[in-house]
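J.: return a 3D structure for these sequence lines:
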Amino acid sequence: MPDYIVPSFALTPFLCQLIRLAQVLHAGARYLAILDLGCNSIRDEGCIALANAIKGNHASSLRWLSMQRNGITAEGVRVCEQRLKG
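T.: From the prediction side, this is the model:
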């Protein structure tokens, strides 16, 4: 199972879309430079899934990511930062 899918949480419709976005990013979204996901209730699980997908896509052109007001805890930010720095 890819590491950007975390099976320990409830899959809401939005979270399913977020996982799909993570899969697209992981597969090679080479032309995406700005991504604003503010105010979407992404929470820690979604943040981690996106961090894993972005880190896994070495061809990513993503330069700016906004995830403000998503219910992400300090621990979630710490884990995401570690994954992105890898």
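
J.: name the element K55 belongs to?
T.: Using DSSP states H and E, K55 sits within helix 43-56.

J.: which other helices and strands does the following helix or strand past that helix contact?
T.: The first helix or strand that comes after helix 43-56 along the chain, using DSSP H and E, is strand 64-66. Judged by 3 or more CB pairs under 8 Å, 6 or more residues apart in numbering; DSSP states H and E, the packing partners of strand 64-66 are strand 34-36. To be clear about C-beta, it is placed using only N, CA and C from the backbone, and glycine gets the same treatment.

J.: thinking again about what came up before, now the helix holding K55: how far from the chain's centre is it?
T.: From the chain centre to the centre of helix 43-56 is a distance of 3 Å (CA atoms, centre = their mean, to the nearest Å).

J.: would you indicate which residues of it are buried?
T.: By neighbour count with 16 or more other CB atoms under 10 Å, helix 43-56 contains the buried residues 43-56.
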